[in-house]
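A.B. asks: this is a predicted model, with the sequence first.
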Amino acid sequence: MVRTIIVEDNKENALYLQRLLHANFADFMIVGHAETIEDGVKLIKQLQPDLVFLDVELGENTSFELLQKFNQPSFSVIFQTAHEHYALQAIKMSCLEYLLKPVSLEDLNAAIQK
């Protein structure tokens, strides 16, 4: 079972991703959802997920700030965003994948296979 957290400030996008995962990837369990960097950090520390889906822009901040709170993250990261211009920064943060919204099942499947 892959314990997964979604950090996304748009509830519709978070629900869409949850539905995609639930309907197509039985071995993924959503253990939490956060809408802010602060709540995301707390949830990750508390629940110790295997994978975190991160929206890049969270309010007026970016999720790169969240990742900087972890020296050596024990979790993998898949970014999901509507903004292409953060891709290089995401790659430098060693993310598994960088998905553009709306996330397609095909792209999500390819990311999960990594």
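C.D. replies: Good, I have the coordinates.

A.B. asks: can you name the next helix or strand after the lowest-mean-pLDDT helix or strand in the chain?
C.D. replies: Least confident helix or strand, the chain: helix 87-92 with a mean of 85, by mean pLDDT, DSSP states H and E. Counting by DSSP states H and E, the next helix or strand C-terminal to helix 87-92 is strand 97-100.

A.B. asks: so which elements touch that next one?
C.D. replies: The contact analysis (3 or more C-beta pairs under 8 Å, 6 or more residues apart in numbering; DSSP states H and E) places strand 97-100 against strand 76-81, helix 87-92, helix 105-113. Every residue, glycine included, has its C-beta placed from N, CA and C.

A.B. asks: contacting residues around residue 11?
C.D. replies: residue 35 (C-beta atoms under 8 Å, 6 or more residues apart in numbering).

A.B. asks: confidence score at it?
C.D. replies: Residue 11 is assigned 95 on the pLDDT scale.

A.B. asks: how near is it to residue 18?
C.D. replies: For residue 11, the distance to residue 18 equals 10 Å [C-beta to C-beta, to the nearest Å].

A.B. asks: ok, back up a step: in a markdown table: the helices and strands packed on strand 97-100, plus mean neighbour count.
C.D. replies: Converted to a markdown table, the helices and strands packed on strand 97-100 look like this (neighbours: other C-beta atoms under 10 Å):
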| stretch | mean neighbour count |
| --- | --- |
| strand 76-81 | 23 |
| helix 87-92 | 14 |
| helix 105-113 | 14 |
